[in-house]
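> Compute the structure for the input listed below.
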Amino acid sequence: MLATAWSRAFGLRAPIVNAPMGGVAGGRLATAVSAAGGLGMIGMGSTATRASLGEQLRFVNSKAGRFGIGLVDWVMRNEAGLLDDALAAGPALLSVSFGTDWSWVDKAHDAGIPTVTQVYDATGARRAADAGVDILVARGAEGGGHGEVRLATLPLLDAVLDAVSLPVLAAGGIASPRSLAAVLAAGASGAWIGTRLAACPEALTGDVARRALIDAAATDTRVTRVFDVGQGLPWPARFPSRVLANDFVARWTGQEDALAADEKVHRELAASIAAEDPRIAPVDAGQGVGMIREEASVAEVIEQLCAGAHSLLTRWSAPDT
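Just a heads-up that it's a prediction; the model follows:
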């Protein structure tokens, strides 16, 4: 199977780590990704609690082997004990992003756990490296969910690889053999994949959202803060989210102040999310969403990505005939 020096050293059969997407990357998805040769990550998102982490850890079984855990920095700091519980679970990798306090890095190292964080430019990459982070994720603006919208994946990967000597995983728009081959050829140690795996049946994604991901075109995503504002989630403004466009995005993008003050709309949004109303409820999606054409299992997706990328890389490296 496809491999890089980093993936072999980390004990993986495939250079793929699933993005720890809150509400999507649960224990079942982590188990499936690890069983398929990558590293499965349990994602604790905007509403994470110690109880929700414990619930997802129940689904990580011996088939998975190793797994990782991903936390949102400001959520981790608001939920006392969440970091301690994550470390006590003994993950193979701890991811914490969206913050500027690096004290969690030493705590993870004291527990013998390597660390990873998302970065968006060369300055952020150097800062994370100086803080002792072991692995970086160069998350391009194409990526789904939250992140800074600064550079596209390939320019960002160039900048980060020039800035640091750490292993760098590429993220953002990687959903096909071609895009996987491209970032590996550019020097990435692996791929941090979200949207493509969010459509798999092992994910926590609801049926309506899964169908929306499968049916979406690459041009159907928007970057917005309206769902964070409408749900009262204290995401810093510099971290908007890329989602599938829908009626709520069209109505409220650019009207965030009015939305913040409208309690009636907040209640309607909560009800629509509970009902999985595709016109209103958020579905995180990166620009690679147009490459999703069927509801394939995690094992099938990873096999297709790796086999296809291996074939392309082999062809590119072969002498002309």
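> So, low pLDDT: which residues of the stretch 201-321 of the chain?
Residue ranges of the stretch 201-321 of the chain with pLDDT under 70: 317-321.
> Break down it into its strands, ranges please.
Ranges of strands in the stretch 201-321 of the chain, per DSSP state E, counting those that start in this stretch, are 221-224, 241-244.
> Which among those strands is found nearest to residue 46?
With CB to CB as the measure, strand 241-244 is the member of the strands of the stretch 201-321 of the chain nearest residue 46 (9.7 Å). C-betas here are computed from N, CA, C, even on glycine.
> What lies in contact with that closest one?
The contact list for strand 241-244 (CB atoms under 8 Å, 6 or more residues apart in numbering) reads 141-147, 149, 212-213, 216, 220-225, 227-228, 235, 249, 282-287, 289.
> Just the buried ones from the residues you listed, in ChimeraX syntax?
Restricted to buried positions by 16 or more other CB atoms under 10 Å, the ChimeraX selection for the contacts of strand 241-244 reads:
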select :141,142,143,144,145,146,147,149,212,213,216,220,221,222,224,225,227,228,235,249,282,283,284,285,286,287,289
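> Which of the contacts of strand 241-244 fall in helices?
212, 213, 227, 228, 249 (DSSP state H).
> Quick one: the strands in the stretch 1-150 of the chain, in order.
Under DSSP E, counting those that start in this stretch, the stretch 1-150 of the chain gives strands at 16-18, 40-44, 67-72, 93-97, 115-119, 135-139, 145-146.
> Adding mean pLDDT as columns, could you present those strands in JSON lines?
Compiled in JSON lines, the strands of the stretch 1-150 of the chain are given as follows (pLDDT from 0 to 100):
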{"stretch": "strand 16-18", "mean pLDDT": "98"}
{"stretch": "strand 40-44", "mean pLDDT": "97"}
{"stretch": "strand 67-72", "mean pLDDT": "98"}
{"stretch": "strand 93-97", "mean pLDDT": "98"}
{"stretch": "strand 115-119", "mean pLDDT": "98"}
{"stretch": "strand 135-139", "mean pLDDT": "98"}
{"stretch": "strand 145-146", "mean pLDDT": "98"}
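> now those as CSV including distance to residue 167?
Formatted as CSV, these follow (distance: least, CB to CB, whole Å):
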stretch, distance to residue 167
strand 16-18, 11
strand 40-44, 16
strand 67-72, 14
strand 93-97, 11
strand 115-119, 9
strand 135-139, 5
strand 145-146, 22
